[in-house]
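Asker: just to be clear, the model below is a prediction. Sequence and coordinates:
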Amino acid sequence: MEGKGNPLLSKEIKAAGGKIYHLSIGEEDLSRLYPGMIRYTLRLDSGGITLALFRTNSYEYSPTVPLNAEKVIRGKAAEWERALMKDPGGFLASVEMPREGVSPVGDVEALIIQGSPRADGNCGIFAGWAADEAANIRKKARVVYLDDLSIHPCIGCYQCYNTGTCTFDDDMTDLIRALRSASLLVICTPVYTNTVPGGLKIFIDRCQAYHAEKNLFTGGGEKKGLLLSVAGRKGTANFTCVKGVVISFMRNLGIRYTGEVLLDGMDNVRDVRTLPGIQGKIGGLVRDAFKR
């Protein structure tokens, strides 16, 4: 899905020593992802082999920054040309090809995100039930307790739309690898101040790198999603924001929302295991998700 884009620059450079290099800048309109997003790609080629690559996009630059993506990419091209004319060997030894595309796909079929900071609470029970049902139908499941991991919050740098990878290499890298392979994503979350807990929101935001990867490089396969949630207070309105956040998140990643279990009034019930039929309902949703 990744391309070179419309050419803004195409130039042959005879470097010191007489070798010929080709320097080019391509422009791509990524408005299908974000309004007005333009990505620029600078390439240095020789003999049909790409020796150096640099990307930047228009969303990287805040309104107060006295730079824009086109100015930066043209400045980088001029910098590379000067370096080639002076010392091509030294320049080529100093540049690194960006980490881009995708890492190996994991072997998880059901990725279950336990978004509550309370590992032994009702959402932990939900996660265990979902994993047990996946095992019953011979699907490999992984339960992730987000609060056990080190995941940096998304900083909105948009650099993942240059390479398909996040600028941070932390525990989220492994979760995205698992998400690539999973055909079912299960989100287990309590209602915190009418929305999802902070750790789960960080996970959701950091999945922007997967959004960039699948839209620019891989396309991604079909995935389905379930929401399992509890609220302390009575009333289904307590889930309005949680559902909005989770469904929007799944839609953004092309994940089809296929079912939910939403239990309110849990401050009085306390233990979800005392409610008849809930484990069976969750098991049915997991089974159905793999059948469809």
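Answerer: Good, I have the coordinates.

Asker: could you pull out the strands for this protein?
Answerer: 6-14, 20-29, 38-46, 49-57, 110-114, 141-145, 184-190, 223-230, 255-263 (DSSP state E).

Asker: turn these into TSV, columns for mean pLDDT.
Answerer: Output for the strands of the chain, formatted as TSV (pLDDT from 0 to 100):
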stretch	mean pLDDT
strand 6-14	89
strand 20-29	95
strand 38-46	95
strand 49-57	94
strand 110-114	98
strand 141-145	97
strand 184-190	98
strand 223-230	98
strand 255-263	98
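
Asker: how close does the residue nearest to N215 when sequence neighbours are not counted sit to E213?
Answerer: Nearest non-adjacent residue to N215, counting by C-beta to C-beta, 6 or more residues apart in numbering: L33, 5.8 Å away. In this view, the C-beta of every residue, glycine as well, is placed from N, C-alpha and C. Between L33 and E213 the computed distance is 12 Å (C-beta to C-beta, to the nearest Å).

Asker: contacts only, for the residue nearest to N215.
Answerer: 161, 211-212, 215 (C-beta atoms under 8 Å, 6 or more residues apart in numbering).

Asker: could you check how far it is from G259?
Answerer: L33 is 28 Å from G259, by C-beta to C-beta.

Asker: just the closest of the contacts of L33 to G235, please.
Answerer: Taking C-beta to C-beta as the measure, G235 lies nearest H211 of the contacts of L33, at 32.6 Å.

Asker: tell me the pLDDT at that closest one?
Answerer: Reading off the confidence values, H211 has pLDDT 95.

Asker: likewise for R292?
Answerer: R292 carries a pLDDT value of 68.

Asker: low-confidence stretches in the stretch 151-292 of the chain?
Answerer: Where the stretch 151-292 of the chain drops to pLDDT under 70, the residues are 220, 292.

Asker: how about the helix ranked longest in the chain as PDB, C-alpha atoms only?
Answerer: Looking across the chain with DSSP state H, the single longest helix is helix 69-86. What follows is helix 69-86, C-alpha atoms only, in PDB (Å, rounded to 0.1, in the frame of the first residue of the first chain):
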ATOM      1  CA  ALA A  69       7.000  19.200   6.000                       C
ATOM      2  CA  GLU A  70       7.900  20.400   2.500                       C
ATOM      3  CA  LYS A  71      10.400  22.900   3.800                       C
ATOM      4  CA  VAL A  72      12.000  20.100   6.000                       C
ATOM      5  CA  ILE A  73      12.200  17.500   3.200                       C
ATOM      6  CA  ARG A  74      13.700  20.000   0.700                       C
ATOM      7  CA  GLY A  75      16.200  21.100   3.300                       C
ATOM      8  CA  LYS A  76      17.100  17.500   4.000                       C
ATOM      9  CA  ALA A  77      17.600  16.900   0.200                       C
ATOM     10  CA  ALA A  78      20.000  19.800   0.000                       C
ATOM     11  CA  GLU A  79      21.900  18.500   3.000                       C
ATOM     12  CA  TRP A  80      22.300  15.100   1.500                       C
ATOM     13  CA  GLU A  81      23.500  16.500  -1.800                       C
ATOM     14  CA  ARG A  82      26.200  18.600  -0.100                       C
ATOM     15  CA  ALA A  83      27.300  15.600   1.900                       C
ATOM     16  CA  LEU A  84      27.500  13.400  -1.200                       C
ATOM     17  CA  MET A  85      29.500  16.000  -3.100                       C
ATOM     18  CA  LYS A  86      32.000  16.200  -0.200                       C
END
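
Asker: and that helix, what other elements does it pack with?
Answerer: Contacts defined by 3 or more C-beta pairs under 8 Å, 6 or more residues apart in numbering; DSSP states H and E place helix 69-86 against strand 6-14, strand 20-29, strand 38-46, strand 49-57, helix 88-94.

Asker: do you know which of these lies nearest G121?
Answerer: strand 49-57 (40.8 Å).

Asker: partners of that closest one, with directions?
Answerer: For strand 49-57, the pairing partners within the sheet under DSSP bridges are strand 38-46 (antiparallel).

Asker: distance from the strand it pairs with to the middle of the chain?
Answerer: Relative to its parent chain, strand 38-46 has a centroid offset of 24 Å by C-alpha atoms, centre = their mean, to the nearest Å.

Asker: tell me the angle that strand makes with strand 6-14.
Answerer: 30 degrees (axes from the mean of the first three to the mean of the last three C-alpha atoms, to 10 degrees).

Asker: buried set for strand 38-46?
Answerer: Neighbour-count burial for strand 38-46 flags 38-44, 46 (criterion: 16 or more other C-beta atoms under 10 Å).
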